Structure formats: C-alpha cells, structure tokens
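Student: Okay, structure incoming, though there's no sequence with it:
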C-alpha cells in the first residue's frame, strides 16, 4: 500500500522476516512476504504505528493482510529501520565527499591547513559517522531477524501467507481451522508425529500454533526442528534461494488433507465454491467450465489495421538508409543506420508484443504479459476505446488499470470469469479463510 497526500500518508514499515518466494527477474518480482506495521508517514518516514500485520500476495496497491499481535521487536524495527537506512544514505554521501576531498588534497600535494573555524569540519565528520551507525543498526536487526526467517522457510507458503502462527492476533487464532492447517485437532500430537516422519513443515506449523496458544512446549519443539540435521542442510540453501522450496523441500505445504470434491470447486481466486454459487455468479454451466479449465490463457486480440501500419512503417524506416546518396559522409551514414536500427527495433518490439500478448487468469491473478493484479483486488470490468477508435477492455483494480484490445467473440469468456470473481469476493464460503477487502487506495484483510 502506500497511500499519501502532500507527503503524508500510510505505508508498510518494518519488512520483518521477509521471504521472497519468487525468483528475481529483469521485469521485477512481487514484493516478499513480510511482517510490518502500517504507519502514518511523512515523506515516507514513519511517525506513528496504526496496526501490526503480515503482508503477502502484494501486487501494486493491493495486498493481503493478516492481523498480528503487537510486539516490541516489530514496533522497534518498523519505526527505526527506515531512519537507519536514511542515516546510511546521508552518511555514505558525506563520506564520499570527505574521501574525494582527501584524495584531491593528496594529489595536489598541498599541505592541509587547519581552518580557523572547525565547526563545518566537525559537522561533516559527524554526518560521516551516520554511515557506521546506520550499518551497525541494520546489521543488528538482520541478525535478530534470522531465526524468524528460518521458521518461515521451514513452514513454506500456505493459506495464511508465510506468517508465524506464534505471532497471530487472538482473533486469527480463534477462527483458524487447525485440522485443515495441520491435519489434526491437537497441535502437539501432530508436531511430534510429523517430526518423527520427517514432515518438518507440518511439524513447525503445529509447534508455532502451540507457541501462539501459550504452550511452553511449542518453543522447545521449534528449536528441535531447527536443530534437525536435515532442516539445517535445507536452510543453508533456502536462505539464498527461497524460490526453490518446491524443489528442495517437497513436503513444504503444511496442509496435509487434500480437498475433496465435496469441499467445492477450486476457483481462480484460490478458494473453493459450491457448484450453485459458481453458476449463480457466472451463469449456467460456469461451474463445469471452471472445473475443466483450472487456468485460462487466451491470446489478446490485436488490430489487423494497426499491425499492418506498423509493418509498413518498419519497412519504410529500414528503406531510408538504402536511398541515401552514395557520396554521403561515413559519419552521416553511421548515424542514419544507427537511428534506423533504434527506431526500427523499437517498432519491431511493439509489433512483436502485439502479436504475442496473452491474457491469463489463474493462480489468484489476472496477468496480461508482465502486468499482474490479484483477482481479489478487481473492482470493475468495462469497455472503452483508445483514441476514440480502437475498442479495448478496461479492468480496474486496486492501484492498477489493465487493458487489452477488444474483439467481439474473443473476450466474452474472460470477462465472464472476471465479473464472476468480483461477484464472489463478498461470498467466501469459508469464514476462516483469508479474504481481501479493497478500496480505491489499498486492499487488505479485515
């Protein structure tokens, strides 16, 4: 989230126990799951905390939140870490200036003269000291964060993000279905059995549920799991590459019982609904379509006229150097060919993108090429036009606007799914499952 007006607003601060479940890429990955405080900020610096939460499934201005208990370490980290990062930036800047001045003096072989007024020198030296102070503070927070991060790496991702049940708010603990989460109603029994069988993810989740309920045995169980040789070996690799968890930890999903057909049909938002509810949201036969198509990928229509005009424009630009006079200077010829390659390459990429663009719905998201939004963050689906000529599909979501060309007979299926997703947002069949509320500024769990 952040939202701000004239420099003031609210945003997530703290970034505690952050785990990136997506491999970093050139186009950028989703922000990592983390614990945070929603704080009132001024110029993106925290002033006062509002609520503690675990943040996951963050896309643009939308994110899922799970309410956490207030804790001193989280509050301290959220309020101090941004200021420490600012201290590192300011200290690094003035340290660079000081280093440049010293090197320049040495190169000029001029003796240093003590200034009459040392106030300015002392000020710069004091500002340089902000660099080691800030780095030491960030390092301290990082070391204290390691144990919590290891716990999340063992648990993996599940219905409640990557959160630690030991930190859940009482209201979340009360509504969580323990049997669905860990495969049994008694966390201590499940933890001991799962640890013996080598199901460390389920064992850790059960142990942390014990901690959240105030059972002292939970902390001891957590330490036993972290000390297990297999867990230590896996963590040594997962700390560097968390996105490889499915490969390195096959048992990472802690929810053991597989959902049966009686639990409902899995929809694209990650939740299950009854056949009647899906048919009511998407029309007759919609439930059968969802069951047969767990993910929908369609080519985004593109205008034949636009593609033809782009192709002709590329041919015309490429032909320009060929019509150049033979007596032209080598420098002019080089500049002409360079400009042709740059402009032609850019237009060629636009043409290629129009030819290969796809619209995909699944895994809780709507994705058009590299742009993704949560289905729970959708607000409206409508038709409009580009330049008053070319019809397009407008999908408005929290903090995002997704568009693709409209062509009759090729978009109705996608629009049907998206409108059903909007209708189903307020009809979750499981009161304990995380659901997302959205506004024009942000989206979060209630």
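Tutor: Now that the structure is in, tell me what you want to look at. Owing to the predicted nature of the structure, the values given are computational and were not obtained by experimental measurement.

Student: what separates the closest residue to residue 299 other than its chain neighbours from residue 209, distance-wise?
Tutor: Distance criterion C-beta to C-beta, 6 or more residues apart in numbering; nearest residue to residue 299, sequence neighbours excluded, is residue 358 at 5.7 Å. In short, each C-beta sits where N, CA and C put it, glycine included. Distance of residue 358 to residue 209, computed by C-beta to C-beta, to the nearest Å: 41 Å.

Student: one step back: my read is that the residue nearest to residue 299 contacts residue 296, right?
Tutor: No: look at residue 358 against residue 296 with C-beta atoms under 8 Å: they stay out of range, at 10.3 Å.

Student: who's more crowded, residue 358 and residue 209?
Tutor: It is residue 209, of residue 358 and residue 209, that has more neighbours when counted by other C-beta atoms under 10 Å, with 24 against 12.

Student: For that one, I want the exact helix or strand it lies within.
Tutor: Secondary structure assignment for residue 209, by DSSP states H and E: helix 200-212.

Student: Then residue 341?
Tutor: Assessed by DSSP H and E, residue 341 sits inside helix 330-356.

Student: Next: residue 99.
Tutor: Assigned by DSSP H and E, residue 99 belongs to helix 72-108.

Student: pLDDT (mean, whole number) over the following helix or strand past that helix?
Tutor: Using DSSP H and E, the helix or strand that follows helix 72-108 in sequence is helix 119-128. For helix 119-128, mean pLDDT is 86.

Student: Any buried residues in helix 119-128, and which?
Tutor: Buried residues in helix 119-128, counted by 16 or more other C-beta atoms under 10 Å: 127-128.

Student: Who are the packing partners of it?
Tutor: Helices and strands touching helix 119-128, by 3 or more C-beta pairs under 8 Å, 6 or more residues apart in numbering; DSSP states H and E, are helix 72-108.

Student: Could I get the buried residue list for the helix it packs on?
Tutor: Neighbour counts over helix 72-108 (16+ other C-beta under 10 Å) mark 74-75, 77-82, 84, 87-88, 91, 94-95 as buried.

Student: between the residues you listed, which is closest to residue 117?
Tutor: When the buried residues of helix 72-108 are ranked by distance to residue 117 (C-beta to C-beta), residue 94 comes first, at 18.1 Å.

Student: who's in contact with the residue lying closest to the closest one once chain neighbours are set aside?
Tutor: Sequence neighbours aside, residue 127 is the residue nearest to residue 94 in space, at 4.2 Å (criterion: C-beta to C-beta, 6+ apart). Residues in contact with residue 127 (C-beta atoms under 8 Å, 6 or more residues apart in numbering) are 90-91, 94.

Student: same thing but at 10 Å, please
Tutor: 87, 90-91, 93-95, 97-98 (C-beta atoms under 10 Å, 6 or more residues apart in numbering).

Student: Same list (these) but as JSON lines, adding distance to residue 30.
Tutor: As requested, the contacts of residue 127 are exported to JSON lines (distance: C-beta to C-beta, whole Å):
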{"residue": "87", "distance to residue 30": "28"}
{"residue": "90", "distance to residue 30": "30"}
{"residue": "91", "distance to residue 30": "31"}
{"residue": "93", "distance to residue 30": "31"}
{"residue": "94", "distance to residue 30": "35"}
{"residue": "95", "distance to residue 30": "34"}
{"residue": "97", "distance to residue 30": "37"}
{"residue": "98", "distance to residue 30": "39"}
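
Student: if I pick residue 224, what's in contact with it?
Tutor: Going by C-beta under 10 Å, 6+ apart, residue 224 touches 191-192, 195, 203, 207, 231.

Student: Could you verify my assumption that residue 38 touches residue 74?
Tutor: No: applying C-beta atoms under 10 Å as the test, residue 38 and residue 74 come out as separate, 11.6 Å apart.

Student: shared neighbours of the two, anything?
Tutor: By C-beta under 10 Å, 6+ apart, the residues touching both residue 38 and residue 74 are 13-14, 49, 52-53.

Student: quick one, helices of the stretch 251-400 of the chain?
Tutor: Listed in chain order, the helices of the stretch 251-400 of the chain (DSSP state H, counting those that start in this stretch) span 275-282, 286-292, 304-319, 330-356.

Student: Oh, that last question was meant for the stretch 101-250 of the chain, not what I typed.
Tutor: 119-128, 130-155, 170-175, 178-182, 187-197, 200-212, 217-227, 229-238, 245-248.

Student: just checking, what packs against the longest one?
Tutor: Contact analysis of helix 130-155 by 3 or more C-beta pairs under 10 Å, 6 or more residues apart in numbering; DSSP states H and E lists strand 8-19, strand 33-42, helix 72-108, helix 200-212, helix 217-227, helix 229-238, helix 245-248 as its packing neighbours.

Student: Residue 347 is nearest to which of the ones you listed?
Tutor: Nearest of the helices and strands packed on helix 130-155 (C-beta to C-beta): strand 8-19, 38.8 Å.

Student: Quick check: neighbours of the closest one in the sheet, parallel or antiparallel?
Tutor: Sheet pairing of strand 8-19 (DSSP bridges) gives strand 3-5 (antiparallel), strand 33-42 (antiparallel).

Student: lowest-confidence stretch among the ones you listed?
Tutor: Note on the strands paired with strand 8-19: lowest mean pLDDT is at strand 3-5, with a mean of 43.

Student: residues touching residue 343, list them.
Tutor: 313-314, 317-318, 320.

Student: Kindly report the same for residue 359.
Tutor: Counting by C-beta under 10 Å, 6+ apart, residue 359 touches 296-301, 366-369, 393, 395, 402, 404, 410-411, 414, 418.

Student: Show me which of those are buried.
Tutor: Applying 16+ other C-beta under 10 Å to these flags 296, 300-301, 366-368, 393, 395, 402, 404, 411, 414, 418 as buried.

Student: ok, back up a step: could you dump the helices and strands packed on helix 130-155 into TSV and include distance to residue 287?
Tutor: Listed next are the helices and strands packed on helix 130-155 as TSV, based on distance: least, C-beta to C-beta, whole Å:
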stretch	distance to residue 287
strand 8-19	35
strand 33-42	31
helix 72-108	42
helix 200-212	31
helix 217-227	41
helix 229-238	38
helix 245-248	29
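
Student: right, and the ones you listed - which one's nearest residue 162?
Tutor: Comparison of these against residue 162 by C-beta to C-beta identifies strand 33-42 as nearest, at 3.9 Å.

Student: Helix 72-108 and that closest one, what's the angle between them?
Tutor: For strand 33-42 against helix 72-108, the angle by axes from the mean of the first three to the mean of the last three C-alpha atoms, to 10 degrees is 70 degrees.

Student: tell me which residues of strand 33-42 are tucked away?
Tutor: So strand 33-42, judged by 16+ other C-beta under 10 Å, has buried residues 33-39, 41.
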